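Student: sequence and predicted structure below; questions after.
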Amino acid sequence: MKESLRYRLLSAQLEMARQASRSVVLVVTGHAATGKTALINELNHRMENRLTEVHALAPSSEERARPYWWRYWRRLPARGRVGVFVHGWYGDALFARAEQRIGPGAFRDHLAEIRAFEAELAAEGIALVKLWLDIDAEEQGRHLQALQRDPSRAWQVKDHDWQRHLQHGVLETLGREMREATEAEHAPWRRLAGGPRHAPAKTVERRLVTAMAGPLPSVTPPEEAVTPLAEAPPRLADLPVPTDKAMDKDDYLERLARAQARLAGNAREIQRRGIPVVLVFEGQDAAGKGGCIHRLTSALDARLYRVHRIGAPSDEERAHPWAWRFWRRLPLDGRVAIFDRSWYGRVLVERVEGLASPEAWRRAYGEIRRFERQLLAHGAVLGKLFLAVDKDEQLRRFRARAETPHKRHKLTEEDWRNRERWEDYREAIDAMFAHTHGVDGGWALIDANDKRRARLAVLDHVNRLLEARLDAPR
């Protein structure tokens with residue numbers, strides 16, 4: 001039976017890797033001295049460890065300089081693989097509360113974030129296995145003493161293990177609250193006896209076989225509290241009727257120089273204070289996003305920013321949840337990340353072109369709101385700019401590109417195809433504004449029919465965002 005179960009586990013893992021239609025995340029947490037390390041080592045020995053990654057995390061300085069969830073998103077296993085997290089996001093919340101580094105409200109808030117995070121993973125085809133290893137306080141104390149008396153094993157006992165022993169009752173109570181708050185059909189808990197007298201590996205192996213080969217459970221996204229907006233979201237119909245008179249070039253260049261000098265000063269102070277900046281550019285084809293970004297970056301130190309041009313996902317990106325490729329591109333504190341198209345592609349091009357299912361793009365509105373709230377909670381400046389042109393101006397720019405040798409590469413068959421679905425995109429854009437125009441992460445709708453005015457409007461908006469952040473109480 002022992003070999004049979006081991007064979008089933010290995011076979012299920014290899015078949016999961018072959019199909020590459022799901023991945024498995026195993027979280028192992030619980031009391032100290034329950035044998036978590038021994039359990040994981042045994043599982044790793046029984047599985048194909050080239051397809052398994054184990055993470056026992058103490059946050060690095062690089063991770064502290066990014067939003068909290070970045071450290072976990074970047075380590076999620078690709079489809080066909082297994083990711084094992086020792087304590088993981090649960091240990092962060094549990095031990096911080098036990099040590100009174102956070103209060104009960106912050107603890108509950110973190111558990112709510114966990115529920116949303118795990119629902120997002122499950123919806124993307126990640127099977128979750130969550131284990132809590134138990135041990136009686138007296139047995140825990142005897143086991144720690146026995147380990148410490150054994151010269152060959154004393155190294156296993158750390159100061160924090162004795163601290164966890166003293167906190168046994170507190171951790172038992174908090175662990176129960178944590179499990180109850182994060183129990184879900186798609187993310188169930190299994191409570192197992194640990195310690196030297198117990199060997200839970202067989203039970204865990206069975207659960208892993210089910211996670212690798214069994215049916216994936218349905219997912220119900222957590223309900224969100226809706227924050228009333230101070231102002232109505234923008235709509236494309238709000239754009240003014242374009243004027244035929246272009247902005248004077250000399251006036252434009254003078255104002256551009258002033259705006260860029262202002263931006264350079266703001267950016268230096270942002271960098272000095274260690275404030276991250278995330279700028280999102282969306283817009284209709286030929287609306288001038290590239291030109292606006294170029295005028296923006298011309299005022300910045302090239303060492304402090306990065307422009308991410310987002311197109312179709314790579315094979316590596318398709319093997320992960322759709323938001324993974326955006327999380328991994330977030331900037332360090334004091335740096336600027338500029339997204340030329342972004343996560344909003346999920347509710348724009350992927351919606352209109354049928355590249356995402358209706359269930360997926362409708363779910364994405366809530367996932368985007370949570371993502372952006374986490375950026376803001378970390379202290380980031382978030383700017384979202386949509387550049388809009390009318391249909392006649394877009395056609396004029398398409399023709400100009402076709403007739404200009406050094407611009408022909410900018411015009412593709414996809415641009416013409418998207419133009420044929422103008423009204424479908426218009427509907428998707430207005431829905432995007434309605435669902436994601438947050439209190440702090442609001443959209444700026446930029447009239448881009450006149451490129452010069454649009455570039456100045458973009459610079460002015462970004463400057464105002466940075467200045468508002470710099471003027472805010474620390």
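Tutor: Perfect, I can see it now.

Student: residue boundaries of the strands in the stretch 351-474 of the chain?
Tutor: Assigned by DSSP state E, counting those that start in this stretch, the stretch 351-474 of the chain shows strands spanning 381-388, 443-447.

Student: ok, residues contacting the shortest one?
Tutor: Strand 443-447 is contacted by residues 233-234, 236, 238-240, 242, 283, 292, 383-388, 433, 436-437, 453-454, 457-458, 461 when judged by C-beta atoms under 8 Å, 6 or more residues apart in numbering. From N, CA and C alone the C-beta is placed, and that goes for glycine too.

Student: now with 6 Å?
Tutor: By C-beta atoms under 6 Å, 6 or more residues apart in numbering, the list of residues contacting strand 443-447 from outside reads 234, 239, 384, 385, 386, 387, 433, 437, 454, 457, 461.

Student: any buried residues in the helix or strand of the chain with the lowest mean pLDDT, and which?
Tutor: Lowest on mean pLDDT, DSSP states H and E among the helices and strands of the chain sits helix 413-420, with a mean of 83. Neighbour counts over helix 413-420 (16 or more other C-beta atoms under 10 Å) mark 415, 418, 419 as buried.

Student: check stretch 309-322 too.
Tutor: So, applying 16+ other C-beta under 10 Å, buried residues of stretch 309-322: 310, 319, 320, 321, 322.

Student: any idea of the pLDDT on the closest residue to residue 436 other than its chain neighbours?
Tutor: Distances taken as C-beta to C-beta, 6 or more residues apart in numbering put residue 368 closest to residue 436, at 5.6 Å, once the chain neighbours are dropped. Per-residue confidence (pLDDT) for residue 368: 96.

Student: burial of residue 368, as a residue count?
Tutor: Look at residue 368: counted by other C-beta atoms under 10 Å, it has 22 neighbours.

Student: what do you get for residue 251?
Tutor: By other C-beta under 10 Å, 11 other residues sit near residue 251.

Student: list the contacts of it.
Tutor: Neighbours of residue 251 in contact, by C-beta under 6 Å, 6+ apart: none.

Student: which SSE is it in?
Tutor: helix 249-273 (DSSP states H and E).

Student: any buried residues in that helix, and which?
Tutor: The neighbour-count check on helix 249-273 (16+ other C-beta under 10 Å) flags 252, 255, 256, 259, 260, 262, 263, 266, 267, 270, 271 as buried.

Student: export those residues to TSV and tack on pLDDT and distance to residue 44?
Tutor: Compiled in TSV, those are given as follows (pLDDT from 0 to 100; distance: C-beta to C-beta, whole Å):
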residue	pLDDT	distance to residue 44
252	96	63
255	97	62
256	98	58
259	98	56
260	98	54
262	98	55
263	98	51
266	98	50
267	98	46
270	97	44
271	97	42
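
Student: closest to residue 348 out of those residues?
Tutor: Relative to residue 348, the closest of the buried residues of helix 249-273 is residue 263; by C-beta to C-beta it sits at 27.5 Å.

Student: skipping its backbone neighbours, what lies nearest the closest one in space?
Tutor: residue 299 (4.2 Å).

Student: from residue 265, how far out is the one you found?
Tutor: Distance of residue 299 to residue 265, computed by C-beta to C-beta, to the nearest Å: 9 Å.

Student: quick one: residues contacting residue 140.
Tutor: 33, 165.

Student: what's the helix or strand for it?
Tutor: Assigned by DSSP H and E, residue 140 belongs to helix 137-149.

Student: residues of that helix that come out buried?
Tutor: 139, 140, 141, 143, 144, 147.

Student: may I see the buried residues of stretch 88-106?
Tutor: Counting neighbours by 16+ other C-beta under 10 Å, one finds that the buried residues in stretch 88-106 are 88, 89, 90, 91, 92, 93, 94, 95, 97, 98, 102.

Student: got the CA positions of that stretch in PDB?
Tutor: Presented in PDB, the C-alpha positions along stretch 88-106 are these (Å, rounded to 0.1, in the frame of the first residue of the first chain):
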ATOM      1  CA  GLY A  88       3.400  31.600   3.900                       C
ATOM      2  CA  TRP A  89       0.900  34.300   4.000                       C
ATOM      3  CA  TYR A  90      -0.700  32.700   7.000                       C
ATOM      4  CA  GLY A  91       2.400  32.800   9.200                       C
ATOM      5  CA  ASP A  92       2.800  36.500   8.400                       C
ATOM      6  CA  ALA A  93      -0.600  37.300   9.800                       C
ATOM      7  CA  LEU A  94      -0.700  34.800  12.600                       C
ATOM      8  CA  PHE A  95       2.700  35.600  14.200                       C
ATOM      9  CA  ALA A  96       2.300  39.300  13.800                       C
ATOM     10  CA  ARG A  97      -1.000  39.100  15.700                       C
ATOM     11  CA  ALA A  98       0.400  36.800  18.400                       C
ATOM     12  CA  GLU A  99       3.300  39.200  19.000                       C
ATOM     13  CA  GLN A 100       0.800  42.200  19.000                       C
ATOM     14  CA  ARG A 101       2.600  43.800  16.100                       C
ATOM     15  CA  ILE A 102      -0.900  44.200  14.500                       C
ATOM     16  CA  GLY A 103      -4.300  44.600  16.200                       C
ATOM     17  CA  PRO A 104      -7.400  42.500  15.800                       C
ATOM     18  CA  GLY A 105      -8.800  44.700  13.000                       C
ATOM     19  CA  ALA A 106      -5.600  44.500  10.900                       C
END
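
Student: Throw the buried residues of helix 413-420 into CSV and include distance to residue 377, thanks.
Tutor: Shown next, in CSV, are the buried residues of helix 413-420 (distance: C-beta to C-beta, whole Å):
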residue, distance to residue 377
415, 37
418, 35
419, 39
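
Student: of the residues you listed, closest to residue 179?
Tutor: Closest approach between those and residue 179, by C-beta to C-beta: residue 418, at 47.9 Å.

Student: who's in contact with the closest one?
Tutor: The contact partners of residue 418, by C-beta under 6 Å, 6+ apart, come to residue 285.

Student: what about it, distance to residue 286?
Tutor: Distance from residue 418 to residue 286, by C-beta to C-beta: 10 Å.

Student: element containing the nearest residue to residue 57 once chain neighbours are set aside, please.
Tutor: Nearest non-adjacent residue to residue 57, counting by C-beta to C-beta, 6+ apart: residue 71, 6.3 Å away. Using DSSP H and E, residue 71 sits within helix 70-73.

Student: contacts made by that helix with the rest, please.
Tutor: 63, 89, 324, 327, 330.

Student: burial of residue 12, as a residue count?
Tutor: Residues lying near residue 12 (other C-beta under 10 Å) number 20.

Student: for the host helix or strand of it, packing partners?
Tutor: With elements taken from DSSP H and E, the one containing residue 12 is helix 2-19. Applying 3 or more C-beta pairs under 6 Å, 6 or more residues apart in numbering; DSSP states H and E, we find helix 2-19 packed against helix 201-213.
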